[in-house]
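Enquirer: what's the 3D shape of this:
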Amino acid sequence: MRSFEMLSTIFNILLLGWFIFARNKSQRGLLVGFGISAIVVLIHGLIEGMRWQMIPVYVMTLIPIVIFAYRYMFKSKEVKKKASRIRVILITILAVLYSFIAVALPLLFPVFTFEQPTGPYKIGTVSYDWKDDRREETNTSEPGDKRELMVQIWYPASSTTKGKTAPYVSHPDIFANGYSKALNMPKLLFTSIGFVKTHAIEEAELSDKESTYPVLLFSHGLNGVKNQNTFEVEQLASHGYIVVGIDHTYHSTTSVFPDGRVVHFVPQESNTIDYLDKLNEKWVEDATFVLDQVEKLAKNDPDHRFTGRMDLEHIGMFGHSFGGATTAQMLMTDSRIKAAINMDGGLYGKLRIPADGLKKPFLLMSADDTLTGTENMSDENIASQGTTREELTKFFSDTFARQESVTAGGNYWMKIKHMKHMGFSDMYLISPVFERMEGVDVRSVHRLINDYSLDFFDHYLKQQPFKQLEQNIGDHPEFTLQRG
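Expert: Numbering: from 1, shown residues only. Presented below is the predicted three-dimensional model:
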């Protein structure tokens, strides 16, 4: 709970107990109780914003008014005396249940927070709408439509910068609707994301502490979004990286353009490996185009923020799921990408990892649950995907076969224990219900991902000595780390 949510909840529950058990409730006491409760709720609404999960608490504020009305309707002391014991028992039971609901709702669907980034830099962020005039948009029926992408950049900000802290999502109602469609869950479960704040300051000045900063591209998974790994991109930016997040339009949960256009996820036509290989070529083209735009921004930024400040000799990339596949392909096809991390992504795309390795630094992070294939999947779950266990088992077998040479040539493969696929994103932060259902300690896992991602990029893009990767090869309680 947020501060005033907690204060309002505690005060109103105590007030409810006083109403039930206090023998003599003066009119003045009722007015004071109502006044304090109303003021706390008002402050909460003005500072934090009101949300539906707090409705039971808001209703408690009205209890004094209800008592006033009750006193005027039932003035007979005789009636009150005969009904008092039964009434108190029933009211007490209802009050306990109501209080439980009042506490449970905001705890089960909280306004989550991101942990404070550990780096020495403040964080700035800015967004761009980039159109690739060389490519037709194949997902629309309008002739002449060009491929258009929303891009968000996080970067080290000046220590003296001040400004508005960026929200997690800029259009909460639209994104709540997108998450609802993506996960096939009620929209109400996702409305709290509109109150989530990040640590990034909008349009902040770039820090002058370093003359240039290495650049990292980020690619989300199918039905993900460019900021789905805010826990990670903010950490990297705080340690001196310029991170460029790409929305792969029509393949992201939701893309909102500056003119108000909204594009939701369009389900892929097939789940076969051949189809995914072909689709990945489009994502590689997206990433290549964005990297071209980054180079233009580094050469001549109209806002004078990034001109001459991006270290284009040290560019890395990381991605989750299908974005991880895109990352591996970019490492193999684009000479500008010097190092890459794939987070639980199958190695889809045009190229295969050579038997003797990539000849470039690469780290694959995998969830142990993903590596079990269909072993932990129920028949109902498999059937809901429109396939059979035999077909899906073959799909996983063919996909895993592509990982045989991952570590060849000295590269790394981290297999995280007690981990699920979506644990590599912000998703499980939305509610502890998701976290408990999946059995993932999401905060600990995020720290692990951040520590090793930073160590990997610091070594290969900043030429710093390893602090963790080389020192922790082998089996550990939280993960197993292999090196070729």
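
Enquirer: and whatever helix or strand residue 394 lives in, which residues are buried?
Expert: Following DSSP states H and E, one finds residue 394 within helix 389-401. Residues 392, 393, 395, 396, 399 are the ones in helix 389-401 that count as buried (16 or more other Cβ atoms under 10 Å). C-beta here means a position set from N, CA and C on the backbone, and glycine is covered the same way.

Enquirer: what comes into contact with it?
Expert: Contact partners of helix 389-401, identified using Cβ atoms under 8 Å, 6 or more residues apart in numbering, comprise 271-273, 346-348, 371, 373-374, 377, 379, 382, 385, 387.

Enquirer: now, which of these lie within strands?
Expert: Among the contacts of helix 389-401, no member falls in strands (DSSP state E).

Enquirer: TSV for these, including neighbour count, distance to residue 240 and pLDDT?
Expert: Below are the contacts of helix 389-401 laid out as TSV (neighbours: other Cβ atoms under 10 Å; distance: Cβ to Cβ, whole Å; pLDDT from 0 to 100):
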residue	neighbour count	distance to residue 240	pLDDT
271	14	39	83
272	14	42	92
273	15	38	95
346	23	31	96
347	23	30	97
348	23	32	97
371	15	33	95
373	16	39	91
374	20	42	90
377	16	41	86
379	10	49	86
382	17	45	87
385	11	42	81
387	16	45	87
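
Enquirer: possible to save those as JSON lines with distance to residue 48?
Expert: Formatted as JSON lines, those follow (distance: Cβ to Cβ, whole Å):
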{"residue": "271", "distance to residue 48": "42"}
{"residue": "272", "distance to residue 48": "47"}
{"residue": "273", "distance to residue 48": "47"}
{"residue": "346", "distance to residue 48": "41"}
{"residue": "347", "distance to residue 48": "44"}
{"residue": "348", "distance to residue 48": "43"}
{"residue": "371", "distance to residue 48": "41"}
{"residue": "373", "distance to residue 48": "44"}
{"residue": "374", "distance to residue 48": "44"}
{"residue": "377", "distance to residue 48": "40"}
{"residue": "379", "distance to residue 48": "45"}
{"residue": "382", "distance to residue 48": "43"}
{"residue": "385", "distance to residue 48": "40"}
{"residue": "387", "distance to residue 48": "45"}
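
Enquirer: residue ranges of the helices in the stretch 51-200 of the chain, please?
Expert: Using DSSP state H, counting those that start in this stretch, the helices of the stretch 51-200 of the chain run over 55-60, 63-73, 77-108, 172-183.

Enquirer: ok so, going back, which pair of the contacts of helix 389-401 spans the longest distance?
Expert: 347 and 379 (27.6 Å; Cβ to Cβ).

Enquirer: Taking the centroid of the chain, which residue is nearest it?
Expert: residue 426 (2.7 Å; Cα atoms, centre = their mean).

Enquirer: Residue 34: which of the helices of the stretch 51-200 of the chain is closest?
Expert: Among those, helix 63-73 sits nearest to residue 34 (Cβ to Cβ), with 3.8 Å.

Enquirer: Report the rounded mean pLDDT for the closest one.
Expert: The average pLDDT for helix 63-73 rounds to 67.

Enquirer: Strand partners (parallel or antiparallel) of the host helix or strand of residue 339?
Expert: Assignment of secondary structure by DSSP H and E places residue 339 within strand 337-343. Here strand 337-343 is paired, per DSSP bridges, with strand 310-320 (parallel), strand 362-367 (parallel).

Enquirer: Poorly predicted segments of the protein, please.
Expert: Counting by pLDDT under 70, the ranges of the chain that qualify are 25, 64-65, 67-84.

Enquirer: all strands in it, in order from the N-terminus.
Expert: Using DSSP E, strands in the chain cover 122-136, 146-157, 165-167, 197-202, 213-219, 242-246, 254-256, 262-264, 310-320, 337-343, 362-367, 412-416, 474-475, 479-483.

Enquirer: Need those strands in TSV (columns: distance to residue 355).
Expert: Formatted as TSV, those follow (distance: least, Cβ to Cβ, whole Å):
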stretch	distance to residue 355
strand 122-136	33
strand 146-157	35
strand 165-167	45
strand 197-202	42
strand 213-219	26
strand 242-246	31
strand 254-256	39
strand 262-264	41
strand 310-320	23
strand 337-343	18
strand 362-367	14
strand 412-416	16
strand 474-475	24
strand 479-483	17
